[in-house]
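Novice: this one's structure only:
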């Protein structure tokens, strides 16, 4: 904390660091041809050139990756192809330098044009598979004492600079959602990179905050297409640095009541200033919470009905107030509701209409015996 006092912590730059997308296409001779080139590359033990496509120099790698048997590569992006019906036909990883060179929207368009030439058809309905966002902050050094103020329900992993109290990297969570804070200036000195181009000549300490959201988390946010992801960047960022992880100032009382640190307020503000928001994410999350609560409630009520030998739902509900009084321990229901409502996102508190999701009058919603639902969606 003392490392940062009076140093004027400020954001240097922020944006999309990487974007992965996937799409389906009809199989044909193009895939057979690619498999043949890949076999030649395997025998040769090196990449095989496929010439140029819209100005991009493409090679086929001698191996597959991530369950995709054919991988094409260029300096700007990497394309993966498969004939499996259980996966999207193509999965494309945009590289950070390319995104920063021409902008993320154009990078998506250019990569889709190249993919379309490979599969000999227009590529449409691009689905977002992963979105990486970042912001770089000058004059910010995390130290060991800051570790106590990192509030999250996810696992934390930290690495320290040898011989110092400084944190070099700290990560909260793992795929499909993680937030990483690390010394970007140190990484650049050790590995190189183009990040300083966007730092306006700053050569002091830089801490990068990076948010990685994979396909499962994007779907949970209601984000499916690349367009959804780009319009909802601010929502993803704000969830990650407000609900998922916060840096707070330890004080008396519960950790959830500690005030956010000045540095973290700057991190949160960056989401409003640098990334567009659709407003979709808070409502999707609240709807998901509502469904989970209803499923759990349905299960508990059926268990209580079995214990009480009461199969009439309305009769069971009428008896609840008096039965719940046995376990209320002096708490007032309305006060508990208000306390929990204050923790909901502002957009939800202002206006909630989940009527379309209810079973409706005269209809009985199916009972869910187990609130947990397996997610079988792949990462791509």
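Specialist: Yep, that arrived. Model, not experiment: these values are computed from the prediction. Numbers count the residues shown, from 1 in each chain.
Novice: Go ahead and name everything in contact with stretch 51-70.
Specialist: Stretch 51-70 has contacts (C-beta atoms under 8 Å, 6 or more residues apart in numbering) with 31, 34-35, 37-38, 41-42, 44-50, 71-77, 80-84, 87, 91, 110, 113-114, 117-118, 379-380. Yep, even glycine has a C-beta here, placed from its N, CA and C like the rest.
Novice: same check, this time on stretch 192-210
Specialist: The contact list for stretch 192-210 (C-beta under 8 Å, 6+ apart) reads 12-13, 17, 97, 100, 132-142, 179-185, 187-188, 241, 267, 270.
Novice: I figured residue 261 hits residue 151, correct?
Specialist: No. Residue 261 is not in contact with residue 151 according to C-beta atoms under 8 Å; the separation is 10.5 Å.
Novice: okay, and the common contacts of these two?
Specialist: Residues touching both residue 261 and residue 151 by C-beta under 8 Å, 6+ apart: 247-248.
Novice: Looking at the contacts of stretch 51-70, which are in strands?
Specialist: In strands, defined here by DSSP state E, the members of the contacts of stretch 51-70 are 48-50, 71-73, 77, 80-81, 91.
Novice: Just send these back as TSV, with distance to residue 316 too.
Specialist: Converted to TSV, the ones in strands among the contacts of stretch 51-70 look like this (distance: C-beta to C-beta, whole Å):
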residue	distance to residue 316
48	69
49	71
50	67
71	58
72	61
73	62
77	58
80	53
81	56
91	50
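Novice: what's the spacing between the residue lying farthest from the centre of the chain and residue 323?
Specialist: Distance from the C-alpha centroid of the chain peaks at residue 309, with 45.3 Å (C-alpha atoms, centre = their mean). To residue 323, residue 309 is 14 Å away according to C-beta to C-beta, to the nearest Å.
Novice: Drop anything exposed from the contacts of stretch 51-70.
Specialist: Buried residues within these, defined by neighbour count using 16 or more other C-beta atoms under 10 Å: 31, 34, 37-38, 41, 47-48, 50, 71-74, 76-77, 80-82, 87, 91, 110, 114, 118, 379-380.
Novice: Which parts of the chain are strands?
Specialist: So, for the chain - with DSSP E - the strands run 10-23, 48-53, 56-60, 70-73, 77-81, 90-94, 127-138, 150-151, 156-160, 167-174, 177-183, 206-214, 246-247.
Novice: Output these as CSV; include the columns distance to residue 296 and mean pLDDT.
Specialist: CSV is the format used below for the strands of the chain (distance: least, C-beta to C-beta, whole Å; pLDDT from 0 to 100):
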stretch, distance to residue 296, mean pLDDT
strand 10-23, 33, 96
strand 48-53, 52, 94
strand 56-60, 50, 95
strand 70-73, 44, 97
strand 77-81, 39, 98
strand 90-94, 36, 98
strand 127-138, 30, 97
strand 150-151, 25, 96
strand 156-160, 28, 95
strand 167-174, 24, 96
strand 177-183, 23, 97
strand 206-214, 26, 98
strand 246-247, 26, 97
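Novice: Out of those, the one nearest residue 234 is which?
Specialist: Between residue 234 and these, the shortest gap by C-beta to C-beta is with strand 127-138, which sits at 9.2 Å.
Novice: just checking, what packs against that closest one?
Specialist: Packed against strand 127-138 by the contact rule (3 or more C-beta pairs under 8 Å, 6 or more residues apart in numbering; DSSP states H and E) you find strand 10-23, strand 206-214, helix 215-220, helix 226-231, helix 233-238, helix 262-274.
Novice: partner residues bridging the residue lying closest to residue 34 once chain neighbours are set aside?
Specialist: In space, and not counting its chain neighbours, residue 34 is closest to residue 70: 4.7 Å by C-beta to C-beta, 6 or more residues apart in numbering. Judged by DSSP bridges, the bridge partners of residue 70 are residue 81.
Novice: Format the helices and strands packed on strand 127-138 as JSON lines; extra columns: distance to residue 64.
Specialist: Formatted as JSON lines, these follow (distance: least, C-beta to C-beta, whole Å):
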{"stretch": "strand 10-23", "distance to residue 64": "16"}
{"stretch": "strand 206-214", "distance to residue 64": "20"}
{"stretch": "helix 215-220", "distance to residue 64": "19"}
{"stretch": "helix 226-231", "distance to residue 64": "24"}
{"stretch": "helix 233-238", "distance to residue 64": "30"}
{"stretch": "helix 262-274", "distance to residue 64": "36"}
